[in-house]
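Predicted coordinates and the sequence they were generated for:
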Amino acid sequence: MPRRSDDPNPVLVSNRKAQHDYTIVERFECGIELTGTEVKSCRARAVQISESFAKILRNQLWLLNCHISVCEYGGKFNHEVHRDRRLLMHRKEIRKLAQTLKLKGGTLVPLRFYLKHGLIKVELAYCQGKSHADQRDTIRARESDMAIRRAMKK
């Protein structure tokens, strides 16, 4: 398949739940190590990342609990649905992330899978958890912004 950068919708899947549950501190772009049938399933948008997270194990970055559905054309070469997948970042960036996680706590959450020059990339975010009060404040602010926009239209 030729690489195309003019795809009208390069976002394959996004994690909308992360915006609600976490305060996003910093975003990172990284590659992901996939097999052939996993790539086909990702391009078909058969991915669920709402419950997934990233972890640093043995100086490598891993995506855990990510569900990539089985490709219907894979046959006996299909992949395992819930396997741990390695994320590709520079060693310096991984070390910096590890230090941040040790000092401040928090978690690494995938925000979206998208295409970039024909390759599947993952937008990873360093996040801090929100309390229920913070979540309610976010909802109130969003609703007031929508009310202001409606009033401006009229």
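Structure's in. What do you need? None of these values were measured; they are calculated from a predicted model.

Show me the contact partners of the helix ranked longest in the chain.
The longest helix of the chain (DSSP state H) is helix 132-153. Helix 132-153 is contacted from outside by 20, 21, 23, 130, using CB atoms under 8 Å, 6 or more residues apart in numbering. No exception for glycine: its C-beta is placed from N, CA and C like everyone else's.

Below-threshold pLDDT in this protein: ranges please.
Residues of the chain meeting the criterion pLDDT under 70: 1-9, 74.

Could you rerun that using 80?
By pLDDT under 80, the weakly predicted segments of the chain are 1-9, 71-81, 105, 129-135.

now the strands: where do they sit in the protein?
For the chain, strands defined by DSSP state E occupy the ranges 11-14, 22-32, 47-48, 53-57, 60-64, 67-68, 85-88, 107-116, 119-129.

and the contacts of helix 132-153 as a markdown table, adding neighbour count?
Putting those into a markdown table (neighbours: other CB atoms under 10 Å) gives the following:
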| residue | neighbour count |
| --- | --- |
| 20 | 11 |
| 21 | 15 |
| 23 | 13 |
| 130 | 16 |
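
which of these sit farthest apart?
20 and 23 (10.5 Å; CB to CB).

got any residues that touch both of those two?
Common neighbours of residue 20 and residue 23 (CB under 8 Å, 6+ apart) are residue 130.

Which positions are bridged to the residue most central in space within the chain in the beta structure?
With distances taken as CA atoms, centre = their mean, residue 110 lies nearest the centre of the chain, 2.3 Å away. Assessed by DSSP bridges, residue 110 has beta-bridge partners residue 124.

Would you check how far apart residue 128 and residue 19 are?
With distances taken as CB to CB, to the nearest Å, residue 128 is found 13 Å from residue 19.

the more surrounded of these two?
Shown here are residue 128 and residue 19; by other CB atoms under 10 Å, residue 19 has more neighbours (16 against 13).

ok, the more buried one to residue 33 distance?
26 Å.
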